[in-house]
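A.B. asks: With the input below, show me the fold.
(chains A and B)
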Amino acid sequence: MAFLDNLINGISLGSIYAVIALGYTLVYGIAKMLNFAHGDVIMVGGYVVFTAMITWELSPWIAVIMAIVACTLLGIVIEKVAYKPLRKASSLSVLITAIGVSYFLQNMALLIFKEKPKVFTSVINIPKISLFDGKVVIKGETTAAIIASIIIVVGLSLFVNHTQKGRAMLAVSEDKDAAQLMGINVNSTISLTFAIGSGLAAVAGVLLCSSYPTLSNTTGAMPGIKAFVAAVFGGIGSIPGAMIGGILIGVIEILGRAYISPQLADAIVFAVLILVLIIKPTGILGKKVNEKV
Amino acid sequence: MKFAKKFMALSLAAVMAGSCLTACGDSSKSDAKSGGDENTIVIGGSGPLTGSAAQYGVAVKNAAQLAVDEINEAGGVNGVKFKLVFEDDEADGGDKAVNAYNSLRDKGMQVMLGTVTTGSCLAVIDKTKSDNIFQITPSASAQDVIKNDNTFQVCFTDPNQGKASADYIADNGIAKKIAVIYDSSDAYSSGIYNTFKSEASEKGLDIVAEQSFTKDSKTDFSAQISAAKSADADLIFLPIYYQEASLILAQCKSADYSPKFFGCDGLDGILAVENFDKSLAEGVMLLTPFAADAEDEATQKFVKAYKAKYNDETPNQFAADAYDGVKIIAKLVEKESVKGDMSASDICDKLKKAITDGFSYDGLTGKGMTWSTDGAVSKNPKAVVIKDGNYSALDK
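C.D. replies: The predicted structure is shown next:
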């Protein structure tokens, strides 16, 4: 029974990682850059919901929509200001800029919302499911996270593969110059990618803060890193891969904590990552791409 | 791989740059020992003003300032006034604490009030020892903190808290089957846990689940709670800080699990967390030497002055410890007729002898507090229970 409980907790944590990992993987797959500020956009989303719900006393749904809009705009602004000027620069410069953006967001949040962590009120209003006389409880947040991640995976796959904008994204990811020759606006396509990725970050922020009701300026940092691992684990650039990777990382983390050692839980997660990368360097669902010279 | 190498090189470069900076900090430390103004003694405080433990540091800083202002308004002691300088160490157990200490030295610190948290304190005690600075910490409660002869505590030590908690639970028959959730990466939490465990087995309490977490994974407690729940524990002992505790309370509730909770002074502050659902903390018991609703005159006066000065916030135990800390320093300064132009080292020699030599202090956090040469304070811990969103006394 305890095992089932732990497994459900793992899936719950894992589906939050999955939603975050989807943002990472989308941006990497199309813009070919690691947006290390992704985790901090999650934190911004959390603060927007907090402000709207607690300070302005708006309804949870409006707060969530405001967060999605705010994060989408933030994503576009970050891309325009920090990454676009570096389009032709080496990937290392872009990576360092991303780390810079991450610290910038964290410290802005510290300035605006001060040092005391806030307690978040869950926006999710799904009744919990009690099994086996209350020995195993599936929280409303868990149900919401699983449903949200499934909807996002299906929606994103349909969007990327079956709409004009989505195919433009695929073309840009394949070859930017050729895509431009075919009449695709590369800059607006990359902006769209960031907009969607950051919108997903807002959803992830809502799910994360509802499940673990605390909010500080570093709330997004560690989940961001874990979700990055999940994206690599599932095969970075692959949408279903991010989902599978996220859930596996969540389950491994919780089971490791419950049955091996709480101190080693994170080490186990990263050890599994190393193993996967040794056996299958492109991740579980990653495609092998020959490096173009 | 190429990316990994570059990243590696980058982080190594950052580490080297960092270590260079700390080295510079050490060598450039100006010799502030030779004192300054005859009529001003500089008290240096160090604690977390930002980060997850900020509530403690801010409370200590505010209350210390309040105490300093009160003393100065009353004309100082023997004509000597105090000046408080405070640095943020972010409750870090490494460079940040040392850097905060170095800047305090640069600012002419002669007596140290701090640090607020155990981890940071352990990082600086050997420095205060080699610089020979009188150090009194309001709230760093590990036993190792006071291993040097120049360091003293206002709060009681961790072993005392762990033992007292086990005694309290056993003597009052609060629970039989106990689960513990503690932070194994934190000296404060593990320190209390260890003495709790040995005292509990002596008192015949049954510890059915021992669960830990680390500072890198302190949001998800589902595995720990699941273990406590399946072991059928009727009380969870939480020798941890309030932020994690508030998450544990919330997650227990959503897992439909409602044991009793018992904590130590680290839980103090939980009611002041913004937007915290106070009903979650209803019935939580904790050991703390200070309750803001106590009716004695000294407490009432302190709470009133603190509220008036700091936006109507209710002072917590850390504030009371810090207030006592400054007043203790002032009393010692008075007793030894210390002047502001003495060097920090001379002041230290005088004060550390004076505090153990028949000195006794009646403060907010205890009556007749005395210190032994090992630096520990002698006073008794008291238990409170959270009732209707407030502390109320739970006397034996």
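A.B. asks: C-alpha only now, for contacts and for neighbours.
C.D. replies: Fine.
A.B. asks: Residue A:186 versus the residue nearest to residue A:160 when sequence neighbours are not counted, what's the distance?
C.D. replies: Nearest residue to residue A:160, sequence neighbours excluded (Cα to Cα, 6 or more residues apart in numbering or on different chains): residue A:166, at 3.8 Å. As judged by Cα to Cα, to the nearest Å, residue A:166 and residue A:186 stand 12 Å apart.
A.B. asks: what does residue B:61 give?
C.D. replies: Counting by Cα to Cα - residue B:61 and residue A:186 are separated by 54 Å.
A.B. asks: Now do the SS call for residue B:83.
C.D. replies: strand (DSSP: H, G, I helix; E, B strand; the rest coil).
A.B. asks: Residue B:261 now?
C.D. replies: Classified using three-state DSSP, residue B:261 is strand.
A.B. asks: burial measure for it, as a count.
C.D. replies: 22 (other Cα atoms under 10 Å in any protein chain shown).
A.B. asks: hmm, back to that, residue B:61 and residue A:186: which has the busier surroundings?
C.D. replies: Between residue B:61 and residue A:186, residue B:61 has the larger neighbour count (other Cα under 10 Å), namely 28 against 19.
A.B. asks: And the helix or strand containing the more buried one, how far out from the chain middle?
C.D. replies: For residue B:61, the element it lies in under DSSP states H and E is helix B:54-73. Relative to the centre of its chain, helix B:54-73 is centred 14 Å away, using Cα atoms, centre = their mean, to the nearest Å.
A.B. asks: Please identify the buried residues of that helix?
C.D. replies: B:54-69, B:71-72 (16 or more other Cα atoms under 10 Å in any protein chain shown).
A.B. asks: Also stretch B:112-125?
C.D. replies: B:112-125.
A.B. asks: likewise stretch B:210-226?
C.D. replies: B:210-214, B:217-226.
A.B. asks: by contact count, what packs against the helix or strand harbouring residue B:188?
C.D. replies: Using DSSP H and E, residue B:188 sits in helix B:187-202. If contacts are counted by 3 or more Cα pairs under 8 Å, 6 or more residues apart in numbering or on different chains; DSSP states H and E, helix B:187-202 sits against helix B:118-131, helix B:158-171, strand B:177-183, strand B:206-213.
A.B. asks: so the residue nearest to residue A:160 makes contact with residue A:173?
C.D. replies: No - between residue A:166 and residue A:173 there is no contact under Cα atoms under 8 Å: 10.7 Å.
A.B. asks: mind giving me JSON lines with the buried residues of stretch B:112-125 and columns for pLDDT and distance to chain A?
C.D. replies: JSON lines is the format used below for these (pLDDT from 0 to 100; distance: Cα to the nearest Cα, whole Å):
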{"residue": "B:112", "pLDDT": "94", "distance to chain A": "24"}
{"residue": "B:113", "pLDDT": "93", "distance to chain A": "22"}
{"residue": "B:114", "pLDDT": "81", "distance to chain A": "20"}
{"residue": "B:115", "pLDDT": "89", "distance to chain A": "18"}
{"residue": "B:116", "pLDDT": "92", "distance to chain A": "16"}
{"residue": "B:117", "pLDDT": "90", "distance to chain A": "16"}
{"residue": "B:118", "pLDDT": "88", "distance to chain A": "19"}
{"residue": "B:119", "pLDDT": "88", "distance to chain A": "18"}
{"residue": "B:120", "pLDDT": "91", "distance to chain A": "18"}
{"residue": "B:121", "pLDDT": "91", "distance to chain A": "21"}
{"residue": "B:122", "pLDDT": "91", "distance to chain A": "22"}
{"residue": "B:123", "pLDDT": "91", "distance to chain A": "22"}
{"residue": "B:124", "pLDDT": "92", "distance to chain A": "23"}
{"residue": "B:125", "pLDDT": "91", "distance to chain A": "26"}
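A.B. asks: Identify the farthest-apart pair in the residues you listed.
C.D. replies: Distances among the buried residues of stretch B:112-125 were taken as Cα to Cα; the most separated pair is B:112 and B:119, at 16.2 Å.
A.B. asks: who's in contact with stretch A:89-105?
C.D. replies: The contact list for stretch A:89-105 (Cα atoms under 8 Å, 6 or more residues apart in numbering or on different chains) reads A:33-41, A:44, A:78, A:82-83, A:86, B:3, B:6.
A.B. asks: and with 6 Å instead?
C.D. replies: Stretch A:89-105 is contacted from outside by A:35, A:36, A:37, A:40, using Cα atoms under 6 Å, 6 or more residues apart in numbering or on different chains.
A.B. asks: so residue B:46 sits in a helix?
C.D. replies: No - looking at residue B:46 with three-state DSSP, it is strand, so not inside a helix.
A.B. asks: Run through the bridge partners of it.
C.D. replies: When bridges are called by DSSP bridges, residue B:46 pairs up with residue B:87, residue B:114.
A.B. asks: check contacts around it.
C.D. replies: B:86, B:87, B:88, B:114, B:115.
A.B. asks: helices or strands up against the worst-scoring helix or strand of chain A on mean pLDDT?
C.D. replies: Within chain A, judged by mean pLDDT, DSSP states H and E, the helix or strand with the poorest mean is strand A:129-131; its value is a mean of 77. Strand A:129-131 sits against strand A:136-138, with contacts defined as 3 or more Cα pairs under 6 Å, 6 or more residues apart in numbering or on different chains; DSSP states H and E.
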